[in-house]
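In: this is a predicted model, with the sequence first.
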Amino acid sequence: MPIESGSARPSENEVVRLDNVKRHYVVGDEVVRALDGVSFCIRKGSYWAIMGPSGSGKSTMLNILGCLDRPSSGAYWLNGENVAEMDDDQLSDHRLKNLGFVFQSFHLISQLTVCENIEVPMMYLGVPPQERRERAEMLAERVGMSHRLRHLPMELSGGQRQRVAVARALANDPAVLLADEPTGNLDSATSVQIMQLFQELYEQGKTIILVTHEPDIARFAKSNIVLKDGKLLSCQE
């Protein structure tokens, strides 16, 4: 939902809050205002789509939300912490604990099995091997991939790879599932299956932020943000 710039710190039911966030780049003699004063909040357990034309600021917004970049100014609160003020190590740790990523190109490790791919985020958190394996198997079953645990990514279809990517994104029980064009490399029928999986996760209480340029995919979300020229064009909850 939109908020007034300069408002108080987030309430307990808000998992994301951007307060007058700007991201400006200097390219030669030009200042590129990729994000130019964006303010909104996202409540826990909600399902949002972020849309906008090419050059609207979607990619920059994705990088900010994913803690892969910092605002030039303004505040970004993620699960109660202002990540705009964190150093690199703090930012990496907060990202690992609070965000799960689903990418257009899956980004699975080709030499690892389905089960091992799902385990990767838990390894970085130091989860013991037996606990990692049990949780990976549970997540594989949750996304309908328990029959493929020992298979490599090259032995899977595109839809199956994306299901594994979703399971991996859920490995550390993140506060937010962040999906970047998750159906971009899938056919129409498989895209619907993946979006039905997101719907199931939303119904189970997961907070989902979907970045897409496809109106048909955005319609699966319950709320939407539209960006244009780095500004918030609309925010409908």
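Out: Yep, it's here. Residues are numbered from 1 along each chain as shown.

In: what's stretch 18-29 in contact with?
Out: 3, 5-7, 31-41, 57, 60, 64, 69, 71-77, 84, 230 (C-beta atoms under 8 Å, 6 or more residues apart in numbering). Bear in mind the C-beta positions are built from the backbone N, C-alpha and C, glycine included.

In: among those residues, which are located in strands?
Out: Among these, the members found in strands (DSSP state E) are 31-41, 73-77.

In: state the distance from the residue nearest the centre of the chain to residue 157.
Out: Nearest to the mean C-alpha position of the chain, by C-alpha atoms, centre = their mean, lies residue 178 at 0.9 Å. Here residue 178 is placed at a distance of 23 Å from residue 157 (C-beta to C-beta, to the nearest Å).

In: I'd like the next helix or strand past the host helix or strand of the residue nearest to the centre of the chain.
Out: Assigning secondary structure by DSSP states H and E places residue 178 in strand 176-180. Per DSSP H and E, the first helix or strand lying C-terminal to strand 176-180 is helix 188-203.

In: distance between that following helix and the chain's centre?
Out: Distance of helix 188-203 from its chain centroid, counting by C-alpha atoms, centre = their mean, to the nearest Å, is 15 Å.

In: now do the very next helix or strand once past that helix: distance to the chain's middle.
Out: Going down the chain from helix 188-203, the next helix or strand is strand 207-211, by DSSP H and E. The chain centroid and the centroid of strand 207-211 are separated by 6 Å under C-alpha atoms, centre = their mean.

In: please name every helix or strand in contact with the helix or strand that comes right after strand 207-211.
Out: Of the helices and strands lying after strand 207-211 in sequence (DSSP H and E), the nearest is helix 215-218. The helices and strands touching helix 215-218, judged by 3 or more C-beta pairs under 8 Å, 6 or more residues apart in numbering; DSSP states H and E, are strand 47-51.

In: what's the neighbour count on residue 193?
Out: 15 (other C-beta atoms under 10 Å).
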